[in-house]
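Colleague: A structural model of the following input is requested.
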Amino acid sequence: MLQSNSIARHFEKRLNVSQPSETLQALCAIARKVAATEVMPRYQKVVAEIKHDGSLFTEADLAAQQALQRLLPALVDCPVLGEEMTQDEQEKLWETCTDGLWVVDPIDGTSNFAHGLPYFAVSIALFRAHRPVMGVVYVPVLDECFAAEAGQGAWLNQDRLPFLGDDKKLKHAMAAVETKWLSGHLATRIVTVNPYHSHRNYGASTIDWCWLAAGRTDVMLHGAQKLWDYAAGVLILLESGGQVGSIFHADYWQENPWHRSAVAARTPSLYKAWQAWVQANK
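Modeller: A predicted model of the protein is given here:
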């Protein structure tokens with residue numbers, strides 16, 4: 001987590017950037033193209049299959065990943081790590097490609113996609129030295145493209161993020177909470193104490209990050225996200241001025257990259273209150 005004075009300097013620098021770079025705009029175009037050609041033509045028309053870990057995948061996931069593997073290296077010449085690879089393939093790429101690695105989730109929210117629920121996204125991030133430096137999350141049903149570049153800011157389509165109203169107290173906050181991977185005690189406390197106004201869980205982590213960045217929610221809690229769940233979204237949140245840590249570490253990046261918890265908020269004051277509550281109740 002960045003210290004508050006570093007955040008202020010970093011955010012001031014980003015405000016001087018008027019529009020996304022050409023590379024980031026090209027990345028948005030790739031996400032839109034893959035959604036248009038491989039994802040949406042199959043929406044409400046495919047049958048889901050079950051992977052060995054119990055999660056769902058469809059023909060659209062595979063087609064979208066293959067398209068991204070063709071298109072992304074032409075933009076920045078790096079290997080592509082996708083959700084629909086074997087664990088051995090993923091781990092080898094993560095360990096060896098520190099100079100540059102694309103991390104993609106061809107369809108985040110496959111269960112929603114397969115059931116006809118309009119809450120899913122194409123997520124793409126470019127990593128260097130195990131940190132995201134560029135990220136895009138495209139939500140095709142809403143035609144919303146969230147994008148960010150390290151040190152340059154974040155956008156929703158052509159508008160700068162964040163879209164913030166007044167800073168709220170935690171008790172008035174809207175939360176995005178996934179209880180599935182939380183410890184029993186923390187999950188119970190979330191349900192029984194309800195330290196915020198209300199919470200939502202829509203089933204697509206990549207969008208949760210973006211909606212937090214846009215101010216549609218105020219705080220977020222996830223017990224264990226995979227690399228592709230946070231790859232683009234965490235950068236979009238940080239570049240919009242939000243803050244993030246984990247349940248077990250003040251430094252978000254110290255945690256296991258394959259099972260990384262997230263405690264996040266759209267403003268520093270909300271983050272301080274939210275992280276304190278989580279630590280007191282974990």
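Colleague: in the chain, which helix has the most residues?
Modeller: helix 59-75 (DSSP state H).
Colleague: Just the buried residues of it, please?
Modeller: Ala60, Asp61, Ala63, Ala64, Gln65, Gln66, Ala67, Leu68, Gln69, Leu71, Leu72, Leu75 (16 or more other Cβ atoms under 10 Å). No exception for glycine: its C-beta is placed from N, CA and C like everyone else's.
Colleague: any idea how far Pro118 is from the second one?
Modeller: Right, the one you point to is Asp61. 17 Å (Cβ to Cβ, to the nearest Å).
Colleague: Then the first one?
Modeller: Using Cβ to Cβ, one gets 14 Å for the distance from Ala60 to Pro118.
Colleague: got it, and the last one?
Modeller: Look at Leu75 and Pro118: by Cβ to Cβ, they are 28 Å apart.
Colleague: and what of the fifth one?
Modeller: As defined by Cβ to Cβ, Gln65 lies at a distance of 21 Å from Pro118.
Colleague: Trp94: how many residues sit nearby?
Modeller: 17 (other Cβ atoms under 10 Å).
Colleague: these two touch, right, it and Pro79?
Modeller: No: with contact defined as Cβ atoms under 8 Å, Trp94 does not count as touching Pro79 (10.1 Å).
Colleague: Just give the nearest non-adjacent residue to Pro106, would you?
Modeller: Using Cβ to Cβ, 6 or more residues apart in numbering and skipping residues adjacent in sequence, the residue nearest Pro106 is Ala64, 3.5 Å away.
Colleague: Show the contacting residues for Gly116.
Modeller: Neighbouring residues of Gly116 by Cβ atoms under 8 Å, 6 or more residues apart in numbering: Tyr43, Gln44.
Colleague: Now it. Its backbone dihedrals?
Modeller: phi 80, psi 10 (degrees, to the nearest 10).
Colleague: Could I get the pLDDT score of it?
Modeller: You'll see Gly116 listed with a pLDDT of 93.
Colleague: returning to what we had before: so the residue nearest to Pro106 sits right up against Asp108, yeah?
Modeller: No: taking contacts as Cβ under 8 Å, Ala64 lies outside contact range of Asp108: 10.6 Å.
Colleague: what residues do these two have in common as contacts?
Modeller: Counting by Cβ under 8 Å, 6+ apart, the residues touching both Ala64 and Asp108 are Val122.
Colleague: Flag the shaky bits of the stretch 1-150 of the chain, pLDDT-wise.
Modeller: Where the stretch 1-150 of the chain drops to pLDDT under 70, the residues are 1-16, 52, 54.
Colleague: can you do 90?
Modeller: 1-19, 46-57, 84 (pLDDT under 90).
Colleague: All the strands of it, in order from the start?
Modeller: 49-50, 56-57, 80-82, 101-108, 121-128, 131-139, 144-149 (DSSP state E, counting those that start in this stretch).
Colleague: returning to what we had before: anything in contact with each of Trp94 and Pro79?
Modeller: Leu101.
Colleague: Just the pLDDT at the residue most central in space within the chain, thanks.
Modeller: Nearest residue to the geometric centre of the chain (Cα atoms, centre = their mean): Gly233, 2.5 Å. Per-residue pLDDT puts Gly233 at 98.
Colleague: list the contacts for it?
Modeller: Here Gly233 is in contact with Ser123, Gly135, Val137, Phe146, Ser205, Thr206, Ile207, Asp208, Trp209, Cys210, Ala213 (Cβ under 8 Å, 6+ apart).
Colleague: Dump those to a markdown table, plus distance to Asp53.
Modeller: As requested, those are exported to a markdown table (distance: Cβ to Cβ, whole Å):
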| residue | distance to Asp53 |
| --- | --- |
| Ser123 | 18 |
| Gly135 | 24 |
| Val137 | 23 |
| Phe146 | 27 |
| Ser205 | 15 |
| Thr206 | 18 |
| Ile207 | 21 |
| Asp208 | 20 |
| Trp209 | 22 |
| Cys210 | 25 |
| Ala213 | 28 |
